[in-house]
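Visitor: sequence first, then the predicted structure, then my questions.
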Amino acid sequence: MPSPFPRYEENVPKDHCRVRCCNDEGEDLYGQKAAFPYAHNTIKSQGVVKRKPIFSYDRDHTYSLLEPVFKDLGNGADHERLSERTQRMLCKLLDRCDLEAVDYHNCQGYVDELLAFCSEITRECTGRSLGQWGIFGEAELELRKAWMHFVRLIWIRDFEWENMVRCLSDPNAQWSVSEDYFLEDPAQTVRYAISEKLMVPLQVWAFMLKTVAEHEAQNAPARKRSYV
């Protein structure tokens, strides 16, 4: 059985998507009465518009998903230590996967960036980088696999993801009620999609840190006795 792969629409750049094509009065065809007689004209571009970012759409939600990663690690570890600048950079990095149409079969460089940024986030939130936590070698490889899973989910551009992107990218989204990509509550849809796409890498990241923290806690009494 062949592996699934993304289907890119002909004559639509990979960093664009196709939305409803209409004139200033919301008419798909001149003379055709529109349900809402006002719109942003998309005829010149034939309905082809730049894709809007998803993770930056709700940066607060994206950032909040880091809480379980650093919860209960001790020694003041807390996701709230992450600077706003790093929060913005994280969302931009995640958005690049879709906006640049990162190829799952050629994503090593992008995944390297994700791993390096995970280390920087870990350093900000705990005071130690991933390497200083002892996460390297086989452990780092597992985290790499988790981020490659994330890339694959975005790369495949499934029906639900593509409809969400089209809805957010359509300058006339609120009036495009007859389109198959119309969403009554796009914010809720975005939050669900962000949580789903990030679930695996965040779970692996959290598991590794907690495993090390528990090991250190168990060995702390022994180390303390050795100094007596």
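Guide: Received the coordinates, thanks.

Visitor: output the contacting helices and strands for the helix or strand bottoming out on mean pLDDT in the chain.
Guide: Counting by mean pLDDT, DSSP states H and E, the chain has its least confident helix or strand at helix 186-226, which shows a mean of 88. Judged by 3 or more C-beta pairs under 8 Å, 6 or more residues apart in numbering; DSSP states H and E, helix 186-226 is in contact with helix 59-64, helix 67-70, helix 108-126, helix 138-155, helix 159-169. (Each C-beta comes from the backbone N, C-alpha and C, glycine too.)

Visitor: got TSV for the ones you listed, with distance to residue 208 too?
Guide: Listed next are the helices and strands packed on helix 186-226 as TSV, based on distance: least, C-beta to C-beta, whole Å:
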stretch	distance to residue 208
helix 59-64	20
helix 67-70	10
helix 108-126	10
helix 138-155	6
helix 159-169	27
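
Visitor: quick one: low-confidence ranges for this protein?
Guide: Applying pLDDT under 70 to the chain flags residues 1-3, 29-38, 220-228.

Visitor: let's see that with 80 instead.
Guide: Residues of the chain that meet the criterion pLDDT under 80 lie in 1-4, 25-39, 219-228.

Visitor: about what we covered before: between the helices and strands packed on helix 186-226, which gets nearest to residue 199?
Guide: helix 138-155 (9.0 Å; C-beta to C-beta).

Visitor: tell me what angle the closest one forms with helix 186-226.
Guide: For helix 138-155 against helix 186-226, the angle by axes from the mean of the first three to the mean of the last three C-alpha atoms, to 10 degrees is 180 degrees.

Visitor: compute the inter-axis angle for helix 138-155 and helix 108-126.
Guide: With the same axes, to 10 degrees as the basis, helix 138-155 and helix 108-126 are set at 120 degrees to each other.

Visitor: which elements pack onto helix 138-155?
Guide: Using 3+ C-beta pairs under 8 Å, 6+ apart, helix 138-155 is in contact with helix 84-99, helix 108-126, helix 186-226.

Visitor: by contact count, what packs against the second one?
Guide: It refers to helix 108-126. Using 3+ C-beta pairs under 8 Å, 6+ apart: helix 108-126 touches helix 67-70, helix 84-99, helix 138-155, helix 186-226.

Visitor: export those to TSV and tack on distance to residue 177 and mean neighbour count?
Guide: Shown next, in TSV, are the helices and strands packed on helix 108-126 (distance: least, C-beta to C-beta, whole Å; neighbours: other C-beta atoms under 10 Å):
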stretch	distance to residue 177	mean neighbour count
helix 67-70	36	19
helix 84-99	25	17
helix 138-155	27	18
helix 186-226	13	15
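
Visitor: any idea which of the helices and strands packed on helix 138-155 gets closest to residue 164?
Guide: That would be helix 186-226 among these, by C-beta to C-beta, at 5.4 Å.

Visitor: quick revisit: out of the helices and strands packed on helix 108-126, nearest to residue 123?
Guide: Closest approach to residue 123 among those is made by helix 84-99 (9.9 Å; C-beta to C-beta).

Visitor: output that closest one as CSV, restricted to C-alpha atoms.
Guide: Listed in CSV are the C-alpha atoms of helix 84-99, where the atom choice follows Å, rounded to 0.1, in the frame of the first residue of the first chain:
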residue,chain,number,x,y,z
GLU,A,84,8.0,36.6,25.1
ARG,A,85,10.7,36.8,22.5
THR,A,86,11.3,33.1,22.7
GLN,A,87,7.6,32.4,22.6
ARG,A,88,7.2,34.4,19.4
MET,A,89,10.3,32.7,17.9
LEU,A,90,8.8,29.2,18.8
CYS,A,91,5.6,30.0,17.0
LYS,A,92,7.4,31.3,13.9
LEU,A,93,9.6,28.2,13.8
LEU,A,94,6.6,25.9,14.0
ASP,A,95,4.7,27.9,11.4
ARG,A,96,7.6,27.5,8.9
CYS,A,97,6.7,23.8,8.6
ASP,A,98,3.5,24.7,6.8
LEU,A,99,4.3,28.1,5.3
